[in-house]
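Engineer: with the sequence up front, the predicted model follows.
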Amino acid sequence: MSEYTFFLLHKLLVLSVNILVLAAVSIAMYRASLFPDSFTPTFFKTLFILLIPTVSLGFIGKRMLGKRRPVLIS
């Protein structure tokens, strides 16, 4: 894998994880707005349930990219 391809895949991974985090916050806000009496518990319960797979995906993706990182010869 070339250095450019690695850089591009890394940036795509970061962008996709950021979009997933924003989607998780949006979904949590929407679900919490349906239950105004228990807004905070509903928000945090939904957010943490959605953030666990998102963070796991980012961690696994970063490890997979790290294994394919090109060796720089100077």
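Structural biologist: Here it is on my side, so go on.

Engineer: give me every residue that touches the residue nearest the centre of the chain.
Structural biologist: When the chain is reduced to its mean C-alpha position, the closest residue under CA atoms, centre = their mean turns out to be residue 17, at 2.7 Å. Remark: with contacts taken as CB atoms under 8 Å, 6 or more residues apart in numbering, residue 17 is in contact with 54, 57-58, 61. (Each C-beta comes from the backbone N, C-alpha and C, glycine too.)

Engineer: mind redoing it with 10 Å?
Structural biologist: 54-55, 57-59, 61-62 (CB atoms under 10 Å, 6 or more residues apart in numbering).

Engineer: which residue ranges form the helices in the protein?
Structural biologist: 3-34, 39-67 (DSSP state H).

Engineer: what is the rounded mean pLDDT of stretch 4-13?
Structural biologist: Mean pLDDT, taken over the full extent of stretch 4-13, equals 93.

Engineer: might you calculate how far that stretch sits from the centre of the chain?
Structural biologist: Its chain's C-alpha centre and that of stretch 4-13 lie 15 Å apart, by CA atoms, centre = their mean, to the nearest Å.

Engineer: quick one: buried residues of that stretch?
Structural biologist: Buried residues in stretch 4-13, defined by neighbour count with 16 or more other CB atoms under 10 Å: residue 13.

Engineer: can I get that stretch in CSV? Just the C-alpha atoms.
Structural biologist: Extracted C-alpha coordinates of stretch 4-13, given in CSV (Å, rounded to 0.1, in the frame of the first residue of the first chain):
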residue,chain,number,x,y,z
TYR,A,4,-1.0,8.2,-0.3
THR,A,5,-3.5,5.3,-0.1
PHE,A,6,-2.8,4.8,3.6
PHE,A,7,-3.3,8.5,4.2
LEU,A,8,-6.6,8.5,2.3
LEU,A,9,-7.9,5.4,4.1
HIS,A,10,-6.9,6.9,7.5
LYS,A,11,-8.8,10.1,6.7
LEU,A,12,-11.9,8.2,5.5
LEU,A,13,-11.8,6.2,8.7
